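Participant: One predicted model, sequence on top.
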Protein chains: 2
Amino acid sequence: MVIPIDRRSPVPLYEQIVQHIRHLIETDALPAGAKLPATRELAAGLRVNRNTVNTAYEELLAHGLVTAHVGQGTFVAPRRSANGASGSLPAAPSRPAAPRVDWVSLFSKGSSFAEDAFPSVPRPAAGRRPAISFAAGGGNSALFPLDQLRRSVDRVLREHGETLLSYGTVDGFPPLKTFLRGYLLERGIEAHEDDLLIANGSQQGIDLAARAFLDPGDVVVMEAPSYPGAISVFRALRANIITIPPLAAGLQPGYLENLIQRQRPKMMYVVPTFHNPTGLTAGLETRKTFLRAIAGYNVVVVEDDTHERLRYDGPAVPSLKAISRSRQVVYISTFSTVFPGLRLGWVVADRPVIERLAAVKRITDMHTSGLIQAAVYDFCQRRWLERAIRQVNTERQRRRDAMLAALDAHMPEGVTWTRPDGGLWLTVTLPDQLDSLSLLDDAAAAGVLYTPGPCFHANGGGQSELRLIFSQLPLPSIDEGLRRLGRVIKGALQQDTPQKPRQKASIDPMM
Amino acid sequence: MVIPIDRRSPVPLYEQIVQHIRHLIETDALPAGAKLPATRELAAGLRVNRNTVNTAYEELLAHGLVTAHVGQGTFVAPRRSANGASGSLPAAPSRPAAPRVDWVSLFSKGSSFAEDAFPSVPRPAAGRRPAISFAAGGGNSALFPLDQLRRSVDRVLREHGETLLSYGTVDGFPPLKTFLRGYLLERGIEAHEDDLLIANGSQQGIDLAARAFLDPGDVVVMEAPSYPGAISVFRALRANIITIPPLAAGLQPGYLENLIQRQRPKMMYVVPTFHNPTGLTAGLETRKTFLRAIAGYNVVVVEDDTHERLRYDGPAVPSLKAISRSRQVVYISTFSTVFPGLRLGWVVADRPVIERLAAVKRITDMHTSGLIQAAVYDFCQRRWLERAIRQVNTERQRRRDAMLAALDAHMPEGVTWTRPDGGLWLTVTLPDQLDSLSLLDDAAAAGVLYTPGPCFHANGGGQSELRLIFSQLPLPSIDEGLRRLGRVIKGALQQDTPQKPRQKASIDPMM
């Protein structure tokens, strides 16, 4: 809180603080229930004696403007009348209370689904030891190639600063697109620069593709389970989601053709490689079956290949885009493997699709930051990308192996899990009588967190599944976390009825 | 076009080029109708003799793979058979032709409006002298505080790199939000950090606000003329746009209340300060009339204050957000004043609105790049922002004055224009018999470009208006450009019927 203090004013300091906070309360800048800063904190910030702040708070309390709760702090009191709860203080030049706006009635239907991206899951009770979270993503920060990136940023600002701080082209920084052309060619994808669009990470690629194709009520086919960030995008556009089993589970010939004929989807969204949340990869034959099935139908396929570079063992399987001769595949990938917080990804698609995506991107945010694009281009051009990927993958492989070993060691009979060749996570399946959402409460109490299966199912289901991220934790935490989880599952298996969730917090399934 | 040339190969260079381009054509990387690079350009890029490229193109032509149009260039020929138009060349390892997808039938209705953001306007004929463009924006690159920004980027990467490259919080980098709280307080806006969302420039603020509130068919009120980037956002969401005169023209009491009661808008989008395209600013009394009119109605007001820091003279007028006691105003502004290409802006709104915007932002692109946010925070924290704004504004004021002087000097009688106190542009109004869209063709031929008025009108109109950006050009170009434009207008006034547009190009009205 910044309070203008005038030390030469005849008004005492505590009174200046009172008047300013009263003004904030009366103008709704500090709404009812808002917490005032701790007196020590405010005194330090304003460089006044702590007693001065104590006196000011007592004055506010005396006039009913704030309430105090021992051990919790000082809070703005509920309003007592329409024109402010100024109590017996001399009337300040106050303004009548603002009429309330009924936001809920004004929000769009689509945006209410955007909020569903944050399911409420239990939080460990206060005072407990910090939880070991298998639900948190974010990249392996200790391995970030920071010095190299610093050099790249510095160089591009020095050499091309004027260009990079001016408005750029909506489809991306041309040298980065040219680099990507070669990068993609190494993965069997031939793309002209005009077939490429730079986006703020693969999440924006999904959002742009969805906006370019889906009107309310349009049918989109996706795997169940699948990436929650895609489920929310489709819901926010009020699309009609139809689910299929993950491609990694294989595909019966005729199954998709039948579905397409019955449901007439406009779009199919799939994650064939290191699928979210199972970590599994669809085989080459399944991919060919998939592409044969969609050929000849007027449907666009969005292939989310976000995690393709995270392979630790097993042979690489080419992307749908690489083996497809059809223009139907819109391919999305990202630099988040190495730099998640920079927010940089790309889309490869048939030229008319790129043009449409660019038109949507333009009204969304004009273009992706030129500085970020140029810095990553410079970084890649110096062959630092491949080295950085090797480094994080070596560490992630170790962690995946540690998780598989810890699952073997700590899980009771009846619990199964996937064994991915790469990626960031795997899926554990509980015995039928257990529910991953209810169990999370016990897990949180025991100091371990995961993402419950229902987060990944667009149309319900997944109660016996849970996702564990192995990439983020050091080896001892992986073992200890799974020891705790194993104990929680064993305990629940011995109980009759699982407990209901107690306290709620946000776990982020988009990680 | 990058063609791998092996100078030690026994295959002649021209033949290597032929084989590569044939491969690109047969694998659809170069689709039918695609234009090949000019021979001079390709020869330079590949560092081969131009005759080598000519020979390669002639070979491709002889085999029917490409067609040539005098004065236009060389284009990929239409396919002659299902397995490629390889003519009499020996068969390459080719793949059967891809089935065509009918993209137009698949694209969403909303996204087709996104493409309207690029109206087609004339391009100067080839061989003409380069045009002086009053239609191009992009910031004053020579004045960018590059060295300071480099130091800020370097410092934040050194000190907080691990945090900045990890996933960040969707609502923004906390220190930047705290800085903005103080920055806004200086402009009379009291906002808690929870009332703030960081966005990729003000364009994303507009898009997020629109997505948070508007379903297809919802009514949005905006000024006419107004910012084309907002028109396109509302159209892409298939909102029903109702227009009002610019606030800078004043507001009759009762007018808005009447409109609100009749049309029941959900949202009103206004640019009260340095309005786009007129550059004019609504007075304090108009603002108060506006706020009185909306008070008590369940409507959200989006105040686009993108250009508020670009004041060159005249007294500052507080924003609607600053003088409003209602929570109805969603306030959007930006750092693009100094760094347009970085894409960084913010939204101030009532807390439930920020929460909803954050939910939409999250599925759009997770969060704004942490590195950009931290670098700009560091830059601002060192008080470099105010200095940078002063510097660009000094130069822009000079250019505005030069434009006003040049208009006085070169415009014929009957032409009028606005006289803004700041911003980037002004609007010229032509005599009634002239049409700014038709006239643009003559202007382009004479080597001067502007943005025609109809781009700024959501529901038609503006034919006699045109927008001139004064901020981008050096003083002599401003004078020379307006001398040319004056001559074109005088010429058209002496003609009976204005010419129809000849060649089309994209002029960017979002600049």
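Facilitator: Noted; the coordinates are in hand. Numbers count the residues shown, from 1 in each chain, chains lettered A, B, ... in the order given.
Participant: where exactly do the strands run in the stretch 1-150 of chain A?
Facilitator: Using DSSP state E, counting those that start in this stretch, the strands of the stretch 1-150 of chain A run over residues A:66-69, A:73-76, A:120-122, A:132-133.
Participant: export the first one as PDB, just CAs?
Facilitator: These are the backbone C-alpha positions of strand A:66-69, laid out as PDB (Å, rounded to 0.1, in the frame of the first residue of the first chain):
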ATOM      1  CA  VAL A  66     -12.200  -1.900   9.900                       C
ATOM      2  CA  THR A  67     -12.500  -5.000  12.100                       C
ATOM      3  CA  ALA A  68      -9.600  -6.800  13.800                       C
ATOM      4  CA  HIS A  69      -9.300 -10.600  14.300                       C
END
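Participant: sorry, back to before: lowest average confidence across the strands of the stretch 1-150 of chain A, which one?
Facilitator: Here the strands of the stretch 1-150 of chain A differ in mean pLDDT, and the lowest is strand A:120-122 at a mean of 47.
Participant: For the stretch 251-400 of chain A, what lies in contact range of chain B?
Facilitator: Contacts of the stretch 251-400 of chain A with chain B, taken as C-beta under 8 Å from any C-beta of the partner chain, map to A:266-267, A:295-296, A:298-300, A:325-328, A:339-344, A:350-353, A:355-356, A:359-360, A:362-372. Quick note: C-beta positions are derived from backbone N, CA and C, even for glycine.
Participant: Give me the buried entries from those.
Facilitator: The neighbour count (16 or more other C-beta atoms under 10 Å in any protein chain shown) marks A:266-267, A:298-300, A:326-328, A:339-344, A:350-351, A:353, A:355-356, A:359-360, A:362-372 as buried among those.
Participant: Counting neighbours, what do you get for A:Arg383?
Facilitator: 9 (other C-beta atoms under 10 Å in any protein chain shown).
Participant: And it, what's its pLDDT?
Facilitator: 93.
Participant: Go through the residues of the stretch 251-400 of chain A next to chain B and flag which are in strands.
Facilitator: A:267, A:300 (DSSP state E).
Participant: And what about A:Thr278, helix, strand or coil?
Facilitator: Per DSSP: H, G, I helix; E, B strand; the rest coil, the local secondary structure of A:Thr278 is coil.
Participant: where along the stretch 351-500 of chain A do the strands fall?
Facilitator: Using DSSP E, counting those that start in this stretch, strands in the stretch 351-500 of chain A cover A:416-417, A:425-429, A:448-449, A:451-452, A:465-469.
Participant: Put together a markdown table for those strands, with mean neighbour count, distance to chain B and mean pLDDT on each row.
Facilitator: Listed next are the strands of the stretch 351-500 of chain A as a markdown table, based on neighbours: other C-beta atoms under 10 Å in any protein chain shown; distance: least, C-beta to the nearest C-beta, whole Å; pLDDT from 0 to 100:
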| stretch | mean neighbour count | distance to chain B | mean pLDDT |
| --- | --- | --- | --- |
| strand A:416-417 | 16 | 25 | 98 |
| strand A:425-429 | 23 | 15 | 98 |
| strand A:448-449 | 26 | 16 | 95 |
| strand A:451-452 | 28 | 15 | 94 |
| strand A:465-469 | 27 | 12 | 97 |
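Participant: And those strands: which comes nearest B:Lys288?
Facilitator: strand A:451-452 (50.7 Å; C-beta to C-beta).
Participant: Determine how far that closest one lies from the middle of the whole chain.
Facilitator: Once both centres are worked out by C-alpha atoms, centre = their mean, to the nearest Å, strand A:451-452 turns out to sit 14 Å from its chain's centre.
Participant: Now do that strand: which elements does it pack against?
Facilitator: Contact partners of strand A:451-452 among helices and strands, from 3 or more C-beta pairs under 8 Å, 6 or more residues apart in numbering or on different chains; DSSP states H and E: helix A:436-445, strand A:465-469.
Participant: What is the first one packed up against?
Facilitator: Yep, that's helix A:436-445 we're talking about. Using 3+ C-beta pairs under 8 Å, 6+ apart, helix A:436-445 sits against strand A:120-122, strand A:451-452, strand A:465-469, helix A:475-494.
Participant: and if we set it to 7 Å?
Facilitator: Packing partners of helix A:436-445 (3 or more C-beta pairs under 7 Å, 6 or more residues apart in numbering or on different chains; DSSP states H and E): strand A:120-122, strand A:451-452, helix A:475-494.
Participant: residue ranges with poor pLDDT in chain A?
Facilitator: A:2, A:8, A:10, A:69-72, A:79-99, A:115-129, A:496-509, A:511 (pLDDT under 70).
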